[in-house]
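K.L.:
Sharing a model prediction with you, sequence too.
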Amino acid sequence: MTSAHFIDLGFARVDTDRRRRCGFPEVIFCQGKTPAEVAAIAQTVLAHDPVVLGTRATPEHFAAVAEVLPAAVYHARGRCIVAVREPLPRLSGTVGVICAGTSDLPVAEEAVVTLETFGNPVERITDVGVAGLHRLLAVRERLEACRVLVVVAGMEGALPSVVAGLVSVPVIAVPTSIGYGASFGGLAALLGMLNSCGSGVTVVNIDNGFGAAYAAATINRLGENAGRGTGVQTGIS
């Protein structure tokens, strides 16, 4: 069944109007879906939008998608599938993805893949956690050059507060489930970030690199439009 705004596959109703309404195409959350379901949704999305992104994807999901979309790419660390028919418009503003420790990289990589798929230049800064603040201070100029920052941290989740005290741009904090027993699977980092003394810190859910990247991409696009003095840019002519 097809309507003006979605295609009914029986097991899923694929939103073909998402990019017009929200600026970015529908993204597939692969967890809980069968490989065949993910492949069918991906093929449908790409038939109507220039790019398709699948998050929380397994190698089995990717194998099924690759059968119907041979140009698809699997980003194993970030667990993302990307297929591009035509790149989305490239934005001029850079989004920084700041990672406290190497163990947080899978969540950071999910954010990076999302941002790049949506047309954002990305500045990656890794392993600059609060256990060695000199590492963060050494890249301060790179932080300040970004339009928005996504800061990923586990353990006690202190890094976003420190970053927010150094820059004048939006900071989106991502708590990760990395840490010892008292981190409670990321709950300690989440609560620490929610109680941040750094002004302007926005917090997403535990391990939600995609959600942080989506918010950052929206902010970056709005910043682009403000600089040009135009309305909302959807990339659709």
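P.N.:
Arrived safely.

K.L.:
Show the end-to-end separation of stretch 86-102, please.
P.N.:
Stretch 86-102 has an end-to-end distance of 32 Å (criterion: CA to CA, to the nearest Å).

K.L.:
can you pull the buried residues of that stretch?
P.N.:
L88, L91, G93, T94, V95, G96, V97, I98, C99, A100, G101 (16 or more other CB atoms under 10 Å). Where you see a C-beta, it was placed from the backbone N, CA and C, and this is true even at glycine.

K.L.:
again, but for stretch 49-65
P.N.:
49-58, 61-62, 64-65.

K.L.:
Among the residues you listed, which pair sits farthest apart?
P.N.:
P50 and T58 (24.8 Å; CB to CB).

K.L.:
quick one: which of the buried residues of stretch 49-65 sit in helices?
P.N.:
H61, F62, A64, V65 (DSSP state H).

K.L.:
export those residues to JSON lines and tack on pLDDT and distance to R142?
P.N.:
Output for those, formatted as JSON lines (pLDDT from 0 to 100; distance: CB to CB, whole Å):
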{"residue": "H61", "pLDDT": "98", "distance to R142": "34"}
{"residue": "F62", "pLDDT": "98", "distance to R142": "32"}
{"residue": "A64", "pLDDT": "97", "distance to R142": "39"}
{"residue": "V65", "pLDDT": "97", "distance to R142": "35"}
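
K.L.:
Of the residues you listed, which is the nearest to T44?
P.N.:
Nearest to T44, judged by CB to CB, of those is V65 at 11.7 Å.

K.L.:
V152 - that's part of a helix, no?
P.N.:
No. Counting by DSSP: H, G, I helix; E, B strand; the rest coil, V152 is not part of a helix but strand.

K.L.:
Local confidence estimate at it?
P.N.:
The score at V152 is 97. That number is its pLDDT.

K.L.:
For it, name its beta-bridge partners.
P.N.:
Note on V152: beta-bridge partners by DSSP bridges are C99, V174.

K.L.:
Give me the neighbour count for it.
P.N.:
34 (other CB atoms under 10 Å).

K.L.:
just checking, which of the buried residues of stretch 86-102 belong to strands?
P.N.:
Those of the buried residues of stretch 86-102 mapping onto strands are V95, G96, V97, I98, C99, per DSSP state E.

K.L.:
Mind putting the ones in helices among the buried residues of stretch 49-65 into TSV with distance to G32?
P.N.:
Below are these laid out as TSV (distance: CB to CB, whole Å):
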residue	distance to G32
H61	11
F62	16
A64	15
V65	16
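
K.L.:
Spit out the contact partners of T176.
P.N.:
Listed by CB atoms under 8 Å, 6 or more residues apart in numbering, the contact partners of T176 are S103, D104, V107, V152, A153, G154, G186, A189, I206, D207.

K.L.:
Thank you kindly, that will do.
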